[in-house]
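[1] the sequence and its predicted three-dimensional model are supplied below.
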Amino acid sequence: MKNKVIKVMKKITEHYITDESHYLNRRSFIKKSARFGIGLAAFNAFSSSAEGVHGGDLSDKTILTNYGKDLTPHSFKEITNYNNFYEFGTGKRDPAKNAHTLKPKPWHVKVSGECAKQGDYDLEDFIAPYQLEERTYRFRCVEAWSMVIPWVGVPLASVLKTFKPTSKAKYVVFKTLMDKEQMPGQKRATLNWPYIEALTIAEAMNPLSFLAVGLYGKTLPNQNGAPLRLVVPWKYGFKNIKSIVSIHFQETMPINTWQDQAASEYGFYANVNPEVDHPRWSQARERVIGKGSFFSPKKRKTELFNGYGDEVAHLYTGLDLVKNF
Ligand code: MTE
């Protein structure tokens, strides 16, 4: 029995190492290619056909971008074993343990509300028109911990424009799958299910907003929100809704899940802001996952908009960020 466990552990470790070394080799190859004048366009030659969105390896279909090129990503193991996904339990290890019940294929995304092209799309068709990109972003949870994650996905703006939002589309609302069998945590009233999140249309159209289908060059593991999740790196982690099945354009500001749960603690905007504390803890600093020791964890100063102010500060000109937290 012991040997068997060791064998399984070895297999899992090798799997992580393969994921990371493959990713790092590719990055260093691309860096060298750039030095020798081989443009990134070569990588564009790969079609962005969605065949493969569920097929595991996405690296051949993905172009590398400059987003986060100077950041060092956390390990695959860290990113996939320290999660918040209450549909699978409230502990950080629960999603990795329990999310195997989620079936990310086939998957449908419903587009509705204030737009010209409403519809119900198979995920493969939904993603097919767009070039997959790799972007490494910082990730800051409202609980004051952080990571760096190499995502694969498509710019949200490109996707949303396809559906031709009308002039009444002021907000974009996203919903997670509602299915108590696939997501057993929904049998308990931990939150008001399904999980809902939203952005203003201007936030959604910002070039940083991203719809992820993978990480570390592979399709998203279930615990990270397979097969489709939102990534908005200047906002607290809870805005990054997982396992999306619905995108709805509307005129009025909706109430998101955590606001519904505790409006005095979680707002609509949820922009990372070291100056605006959570009522129960400071947001001035963050614990960097996996760095330092248990007794002396590594901390870093939290940056306004998580360091993405140049790209997004203009969205909030004239808005009181203390009241609109
Ligand atoms: N999406 C759904 N559907 N359910 C959740 O519980 N948790 C949010 C967000 N998206 C959550 C969700 C929170 S609180 C965080 S911090 C991030 O997912 C965590 O993402 P990660 O587990 O990939 O790090």
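    Right, received. Where do you want to start? Residues are numbered from 1 along each chain as shown.
[2] what's the burial count for the closest residue to the ligand within the chain?
    Distances between the chain and the ligand by Cβ to the nearest ligand atom are smallest at Gly237, namely 2.6 Å. Just so you know, the C-beta spots here come from the backbone N, C-alpha and C atoms, and that holds for glycine as well. Using other Cβ atoms under 10 Å, Gly237 has 20 neighbouring residues.
[3] how about Thr317?
    6.
[4] numbering from 3 from now on, please.
    New numbering, starting at 3: the last item is Thr319.
[5] OK, contacts around Leu162?
    By Cβ atoms under 8 Å, 6 or more residues apart in numbering, the contact set of Leu162 is 174, 206-207, 249.
[6] which of the residues you listed are close to the ligand?
    Near the ligand, judged by Cβ under 6 Å from any ligand atom, there are no entries from the contacts of Leu162.
[7] most neighbours out of those residues, which is it?
    Val174 (27 neighbours).
[8] show me what that residue bridges to in the sheet.
    Note on Val174: beta-bridge partners by DSSP bridges are Leu201, Phe251.
[9] quick one: pLDDT of it?
    Predicted confidence (pLDDT) for Val174: 99.
[10] is it true that Asp59 touches Gly216?
    No. Asp59 is beyond contact range of Gly216, at 9.0 Å (criterion: Cβ atoms under 8 Å).
[11] which of the two has more neighbours?
    Ranked by neighbour count (other Cβ under 10 Å), Asp59 and Gly216 place Gly216 first, with 26 against 14.
[12] bridged to that one, which residues?
    Note on Gly216: beta-bridge partners by DSSP bridges are Val154, Thr221.
[13] identify the residues contacting it.
    Contacts for Gly216 were tallied using Cβ under 8 Å, 6+ apart; they are 60, 64, 134, 153-155, 222.
[14] could I get stretch 178-192 in PDB with only the CA atoms?
    The C-alpha trace of stretch 178-192 is given here as PDB (Å, rounded to 0.1, in the frame of the first residue of the first chain):
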ATOM      1  CA  THR A 178     -21.500  29.800 -12.900                       C
ATOM      2  CA  LEU A 179     -23.100  26.400 -13.700                       C
ATOM      3  CA  MET A 180     -26.000  25.400 -11.300                       C
ATOM      4  CA  ASP A 181     -25.900  21.700 -10.900                       C
ATOM      5  CA  LYS A 182     -26.000  20.000  -7.500                       C
ATOM      6  CA  GLU A 183     -24.700  16.700  -8.800                       C
ATOM      7  CA  GLN A 184     -21.700  18.100 -10.600                       C
ATOM      8  CA  MET A 185     -21.200  20.800  -7.900                       C
ATOM      9  CA  PRO A 186     -22.100  19.100  -4.600                       C
ATOM     10  CA  GLY A 187     -21.300  22.200  -2.600                       C
ATOM     11  CA  GLN A 188     -24.500  23.700  -4.100                       C
ATOM     12  CA  LYS A 189     -26.500  21.300  -1.900                       C
ATOM     13  CA  ARG A 190     -25.600  23.500   1.000                       C
ATOM     14  CA  ALA A 191     -26.700  27.100   1.400                       C
ATOM     15  CA  THR A 192     -23.100  28.400   1.900                       C
END
